[in-house]
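Give me a 3D structure for the following:
(one chain, ligands or ions: 1)
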Amino acid sequence: MLEKAQDPRYATISRPAPHAIDLLGKMMEERPQPIVAEVGVGVGATSAELCRRLDGAGQIHFFDYGERITDLLADLQGLGFSNIHGHANSRRFLDSYAWTLGKLVLERRAANAGNAAMFDFIFFDGAHAYHHDASSTVLLKELLRPGGVLLMDDYDWSFAKSPTMRQNSNPPLEKLFTDEQIETCHVKFICDLFLDNDPAYQRLDIGYTPPHEHRRAYRKAG
Ligand SMILES: C[S@@+](CC[C@H](N)C(=O)[O-])C[C@H]1O[C@@H](n2cnc3c(N)ncnc32)[C@H](O)[C@@H]1O
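Numbers count the residues shown, from 1 in each chain. Purely as a prediction, here's the structure:
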């Protein structure tokens with residue numbers, strides 16, 4: 001899978017997300033053995049770089065469709081990384097990591113006297129669609145340990161802004177969403193709803209100057 005980063009068709013996801021690498025580096029100064037999650041792996045550009053940054057320390061968990069997870073884990077094992085875990089979901093139309101994360105929260109609560117927290121750093125970069133990502137955000141907040149950092153990607157992305165989604169969505173976007181939902185930045189909507197008003201989540205300055213803001217990061221109190 002990692003070779004796809006050289007394929008022009010994957011140009012938009014061919015380079016590691018720099019904020020994810022920087023924030024993990026800062027987290028490792030405080031917590032040298034962090035437990036990390038990347039939700040939505042693409043062609044593994046950021047995944048591979050996160051593994052290189054960890055350099056065998058801690059653990060990293062990946063969430064995506066089954067075949068992407070299988071290919072990614074094989075490639076990362078080939079590069080010598082063993083601190084990696086995959087969480088796969090099906091290609092059924094309404095399936096996603098949201099369901100996987102729900103099961104993980106229940107498993108963690110059952111195993112740890114109601115406390116699901118396990119991740120020190122989470123990079124959330126999946127569908128950027130409210131129907132998967134709203135519930136996932138609520139679950140990821142519970143899976144984040146006190147003092148942990150959550151990085152939300154594509155804060156400024158919308159279906160309307162994406163030529164790929166406009167051309168390739170099957171069913172067409174107009175069958176799936178209202179005009180308002182096509183125009184709205186779903187990740188921003190989710191941050192407005194579940195993160196910006198939560199006193200336990202403090203915004204981190206990651207260098208954006210309004211109105212340009214592609215990613216938003218939060219630290220959980222504790
Ligand atoms: C923008 S890419 C992630 C890029 C990656 N984080 C990086 O930095 O290179 C979005 C990912 O979300 C995944 N995704 C989107 N909808 C999904 C769903 N319903 N279930 C599982 N994964 C999904 C896609 O398969 C894709 O790998």
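
Identify the residue spatially nearest to the one residue sitting closest to the centre of the chain, adjacent ones excluded.
With distances taken as CA atoms, centre = their mean, residue 124 lies nearest the centre of the chain, 1.8 Å away. Excluding its sequence neighbours, the residue lying closest to residue 124 (CB to CB, 6 or more residues apart in numbering) is residue 39, at 4.9 Å. Every C-beta, even on glycine, is put in place using the N, C-alpha and C of the backbone.

That neighbour and residue 119 touch, don't they?
No. Between residue 39 and residue 119 there is no contact under CB atoms under 8 Å: 10.1 Å.

Give me the more crowded residue out of those two.
Neighbours per residue (other CB atoms under 10 Å) separate residue 39 from residue 119, with residue 39 holding more: 27 against 22.

what are the phi and psi angles of the more buried one?
Dihedral angles of residue 39 (phi, psi; degrees, to the nearest 10) stand at phi -100, psi 110.

thinking again about what came up before, show me what contacts the residue nearest to the centre of the chain?
39, 40, 133, 136, 137, 140, 150, 151, 152, 153 (CB atoms under 8 Å, 6 or more residues apart in numbering).

Which of these fall within helices?
Those of these mapping onto helices are 133, 136, 137, 140, per DSSP state H.

send the alpha carbons of the worst-scoring helix or strand of the chain on mean pLDDT over as CSV?
Within the chain, no helix or strand scores below helix 163-168, which has a mean of 86 by mean pLDDT, DSSP states H and E. Backbone C-alpha positions of helix 163-168 (Å, rounded to 0.1, in the frame of the first residue of the first chain) are rendered in CSV as follows:
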residue,chain,number,x,y,z
PRO,A,163,-14.0,17.5,-6.9
THR,A,164,-13.3,13.8,-6.3
MET,A,165,-16.4,13.4,-4.1
ARG,A,166,-18.5,15.4,-6.5
GLN,A,167,-17.5,13.3,-9.5
ASN,A,168,-17.0,9.8,-7.9
